[in-house]
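**Student:** dropping a prediction and its sequence here:
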Amino acid sequence: MQYRKLVKNGEELSVLGYGCMRFPTKNGRIDEAKADKQMLYAYENGVNYYDTAYPYHNGKSEVMLGKFIKKHDIRSKVYIADKLPAFLVNKSEQISKYFDTQLERLDTEYIDYYLMHMLDSLQTWEKLKKLGILEFIKEKKEKGEIRHIGFSFHGRPEEFIKILEDYDWEFCQIQYNYLDEYNQAGLAGLKRANELGIGVVIMEPLRGGNLAAKAPSKVKAKFDTYSEKRSPAFWALRWIWNHPEVGVVLSGMNVDEHVVENIKVAKMTKPNSMSKEEIEIINDVKVIYKELMKVPCTGCNYCMPCPFNVDIPGTFTAYNDKYFFGERQTQFMYLGKVVGMMGTEKSGADLCTDCGKCERHCPQEIEIRKELKAAHKDLDNVLIRNGLKVLGLFMGRKKSEKQEA
Ligand code: SF4
Ligand code: SF4
């Protein structure tokens, strides 16, 4: 593993951080045995930075991480990053309440890297300041309950710079990958943070998988023109670690092969080590993505739940997949949501009432309502839809016959 310092006079952190937002699941719950095995493999291969947040897996992510650390007795050997859910804080007393809950869930006495979660503008940071966040940080740092302070960001580039320059931050966390070089904080934000001596953690390096296993066949073909066989995830991660300004890169590794592969790239990529040929391949791939991607959804789920049961990320995944892979299957899957196959509740985009509740939560600033309409129009097919309805009725009858028998 390679290590870089994130904060001045701070500890050496593994360049690969474990993202606990997307643990493997089984029957809708974290698959604890699998998550433990994957985290242990990462730990044994030098990963020492573990990132979680209050809302991940409805609070169960923090608990899982706490259990993992306790079980293997490694608290002094790893660094926990956790986040104050700034978007839920409306009263001063809530700040301490959330923090205490987090310590309890993590079963720890301190948090190494504590972030204001998802600041989107200077205004949100100002709101926290009015509620006493500066006094809270001072007190917790003096007590040793918070070791380093930072913020995670999704928003416009100018707001990122304003937040960055408004406080003596030690580190920040931004979305960065080869498709987002000029989105959100972007390259300019990364460089400005570096000038100010503020460490940078990278999230969404694979854009919710769109730059990895979900990569379109045209992208894979472009990568295959290179002399050495590498996966799309390998390319995406290598591109990020090529930046000397980057500290830790978070990856949500919920499949065994992801853990193994990410560690392999983390071990071998040094800053400024990519050749001109490699950079050109990435530039060509960016063009392919721009032509194919319909909606820049990362599947983060922040817009969910929809009060009218629309599966927003599921709809956008199907919409993108149709253009990435040209598969009829994605249309069947989407229309299965529309008709409510196999006794599941209907969750197609046609249920959207335009209430707008989801849009303010989207870190990618997607015009969700507009894009849902476009997705539904594009994916809908009356013949398939009616066929699925008939199939659903037939299967429902078979099931009740079986139950009666
Ligand atoms: S705008 Fe549509 S998708 Fe968004 S929360 Fe309202 S009903 Fe759900
Ligand atoms: S629509 Fe936005 S908030 Fe919802 S899953 Fe996609 S990126 Fe996340």
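**Tutor:** Perfect, thanks for sending it. Ligands and ions are numbered 1, 2, ... in the order given.

**Student:** okay, residue 401: pLDDT?
**Tutor:** Reported pLDDT at residue 401 in the predicted model: 57.

**Student:** and what of residue 279?
**Tutor:** Residue 279 is assigned a pLDDT of 96 by the prediction.

**Student:** helices or strands up against the helix or strand harbouring it?
**Tutor:** Element membership for residue 279 (DSSP states H and E) is helix 276-292. When contacts are defined as 3 or more Cβ pairs under 8 Å, 6 or more residues apart in numbering; DSSP states H and E, helix 276-292 sits against helix 217-223, helix 232-241, helix 312-325. Where you see a C-beta, it was placed from the backbone N, CA and C, and this is true even at glycine.

**Student:** now residue 125: how far from residue 318?
**Tutor:** As judged by Cβ to Cβ, to the nearest Å, residue 125 and residue 318 stand 36 Å apart.

**Student:** again but with residue 389, I slipped
**Tutor:** Separation of residue 389 from residue 318 (Cβ to Cβ) stands at 18 Å.

**Student:** again, but for residue 183
**Tutor:** Counting by Cβ to Cβ, the gap from residue 183 to residue 318 is 23 Å.

**Student:** which one of these two has more residues nearby?
**Tutor:** residue 318 (26 against 18; other Cβ atoms under 10 Å).

**Student:** quick one: secondary structure of the one residue in the stretch 1-150 of the chain that gets nearest to ligand 2?
**Tutor:** The minimum distance from the stretch 1-150 of the chain to ligand 2, using Cβ to the nearest ligand atom, falls at residue 118 (10.6 Å). Assigned by DSSP: H, G, I helix; E, B strand; the rest coil, the conformation of residue 118 is strand.

**Student:** okay, it: pLDDT?
**Tutor:** At residue 118, the model reports a pLDDT of 88.

**Student:** go ahead and confirm it touches residue 172.
**Tutor:** No. In this structure, residue 118 is not within contact of residue 172 by Cβ atoms under 8 Å, at 11.9 Å.

**Student:** looking at those two, which one has more neighbours?
**Tutor:** Ranked by neighbour count (other Cβ under 10 Å), residue 118 and residue 172 place residue 172 first, with 26 against 23.

**Student:** how about the contacts made by the residue lying closest to residue 121 once chain neighbours are set aside?
**Tutor:** Among residues not flanking residue 121 along the chain, residue 159 sits closest, at 4.5 Å (Cβ to Cβ, 6 or more residues apart in numbering). Residue 159 sits next to 120-122, 153 when contact means Cβ atoms under 8 Å, 6 or more residues apart in numbering.

**Student:** tell me which element residue 159 falls in.
**Tutor:** Using DSSP H and E, residue 159 falls in helix 157-166.

**Student:** and the residue in the stretch 1-150 of the chain that ligand 1 sits nearest to, how many neighbours does it have?
**Tutor:** Nearest to ligand 1, among the residues of the stretch 1-150 of the chain, is residue 87, at 15.8 Å (Cβ to the nearest ligand atom). Counted with other Cβ under 10 Å, residues neighbouring residue 87 total 17.

**Student:** what residues are up against it?
**Tutor:** 117-118, 124, 361 are the contacts of residue 87 under Cβ under 8 Å, 6+ apart.

**Student:** for these, give me TSV that also has distance to residue 242.
**Tutor:** Below are those laid out as TSV (distance: Cβ to Cβ, whole Å):
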residue	distance to residue 242
117	28
118	27
124	32
361	32
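
**Student:** including distance to ligand 1, could those go into TSV?
**Tutor:** Converted to TSV, the contacts of residue 87 look like this (distance: Cβ to the nearest ligand atom, whole Å):
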residue	distance to ligand 1
117	21
118	18
124	21
361	9
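
**Student:** check the burial of residue 34 by counting its neighbours.
**Tutor:** 16.
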